[in-house]
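> any chance you can model this:
(one chain, ligands or ions: 1)
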Amino acid sequence: MQLFLDTTDTVVLKDLAATGLVDGVTTNPTLIAKSGRPMAEVIAEICELVEGPVSAEAVAVDADGMLAEGRKLASIAPNVVVKVPLTRAGLVATAQFAREGIQTNVTLCFSANQALLAAKAGATYVSPFIGRLDDQTPGSGVELIGAIRAIYDTYGFDTEILAASIRTPLHVTESALAGADCATIPPAVFEALFKHPLTESGLQQFLSDWAKTGQSIL
Ligand code: G3P
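You can find the predicted model right below:
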């Protein structure tokens, strides 16, 4: 399973990317606004920090506008993936991007039918927003992942399921169990993936017992 960071905070990204466990990054207009920086500048920096796919979202609502913006975003770096919303115009643009060899991440997906259309349009990734679904109906987010997985496997679609709108470490677990290809995770949740109280207490006990031996490994 590929683990992406959902962030435009390049300081935090650089720190977590150093673990070697960050496979890519997703951004969206809200995260770009939060950065307070020009979009092209922050996307270019992110693309330098990670080798994997970096999603940069078009903001036009018509297909021609998305195509113009997406081609410009794709020119920033080879690992840019153009993000478009799961709308009729977004899927028309997705099909054209596929013909041009530009990778896409179709975002704001909330139903299996939307995900089916995204795959038919040739999307590289589809982003079901599981946190926003769970905000309304707990458990519905991971159910959607499972439904999309079943449909994609039945018909052999290559589109990758990118679980998004992740709120908790449990969302990551549930997405992995449901067969998502990737998850895009806020930095605070990514940090929490490393941690468990029994790991901390067990380590402290090992170190305490080791100290009593008076030995040194080196
Ligand atoms: O960036 C895509 C998605 O992960 C954002 O979800 O619900 O945290 O805004 P949300």
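> so Ile151 sits right up against Asn113, yeah?
No: if you go by CB atoms under 8 Å, Ile151 and Asn113 don't touch, sitting 9.3 Å apart. C-beta: built from backbone N, CA, C; applies to glycine.
> give me the more crowded residue out of those two.
Ile151 (15 against 11; other CB atoms under 10 Å).
> the residue nearest the centre of the chain: which element?
Central residue of the chain (CA atoms, centre = their mean): Thr184, 2.7 Å from the mean position. Following DSSP states H and E, one finds Thr184 within strand 182-185.
> neighbouring contacts of the next helix or strand after that strand?
The helix or strand immediately downstream of strand 182-185 is helix 187-193, counting by DSSP H and E. Residues outside helix 187-193 that contact it (CB atoms under 8 Å, 6 or more residues apart in numbering) are 3, 5, 7, 9, 12-13, 16, 22, 166-169, 171-172, 185.
> closest to the ligand among these?
Ile166 (6.4 Å; CB to the nearest ligand atom).
> return the set of buried residues in the strand holding Thr184.
By neighbour count on 16 or more other CB atoms under 10 Å, the buried set for strand 182-185 is Cys182, Ala183, Thr184, Ile185.
> what's the answer for stretch 108-119, then?
Residues of stretch 108-119 classed as buried by neighbour count (16+ other CB under 10 Å): Leu108, Cys109, Phe110, Ala112, Gln114, Ala115, Leu116, Leu117, Ala118, Ala119.
> my guess is the fourth one contacts Ile151, does it?
Yes: using CB under 8 Å, Ala112 makes contact with Ile151 at a distance of 6.0 Å.
> hey, C-alpha coordinates of the strand holding Thr184 in CSV?
The C-alpha coordinates for strand 182-185 follow below in CSV (Å, rounded to 0.1, in the frame of the first residue of the first chain):
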residue,chain,number,x,y,z
CYS,A,182,-2.9,4.2,-1.5
ALA,A,183,-3.9,6.4,1.4
THR,A,184,-3.2,10.1,1.7
ILE,A,185,-2.7,11.0,5.3
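> residues in contact with that strand?
By CB under 8 Å, 6+ apart, strand 182-185 touches 1-6, 23-26, 55, 125, 127, 160-164, 166, 171-172, 175-176, 193.
> coming back round to it: among the buried residues of stretch 108-119, name the ones in helices.
Ala112, Gln114, Ala115, Leu116, Leu117, Ala118, Ala119 (DSSP state H).
> pLDDT value on the residue nearest to the third one when sequence neighbours are not counted, please?
Spatially, and ignoring its direct neighbours in sequence, Ala115 is nearest to Ile148 (4.4 Å; CB to CB, 6 or more residues apart in numbering). Ile148 carries a pLDDT score of 98 in this model.
> which of the contacts of strand 182-185 are buried?
Buried members of the contacts of strand 182-185, scored by 16+ other CB under 10 Å, are 2-6, 23-26, 55, 125, 127, 160-164, 166, 171-172, 175-176.
> which SSE is the closest residue to Glu100 other than its chain neighbours in?
With sequence-adjacent residues excluded and distances taken as CB to CB, 6+ apart, Glu100 is closest to Arg71, at 7.7 Å. Element membership for Arg71, per DSSP H and E: helix 63-74.
> past that helix, which element shows up next along the chain?
Counting by DSSP H and E, what follows helix 63-74 is strand 80-85.
> quick one, that next one and helix 112-120 angle?
Per axes from the mean of the first three to the mean of the last three CA atoms, to 10 degrees, the angle that strand 80-85 makes with helix 112-120 is 140 degrees.
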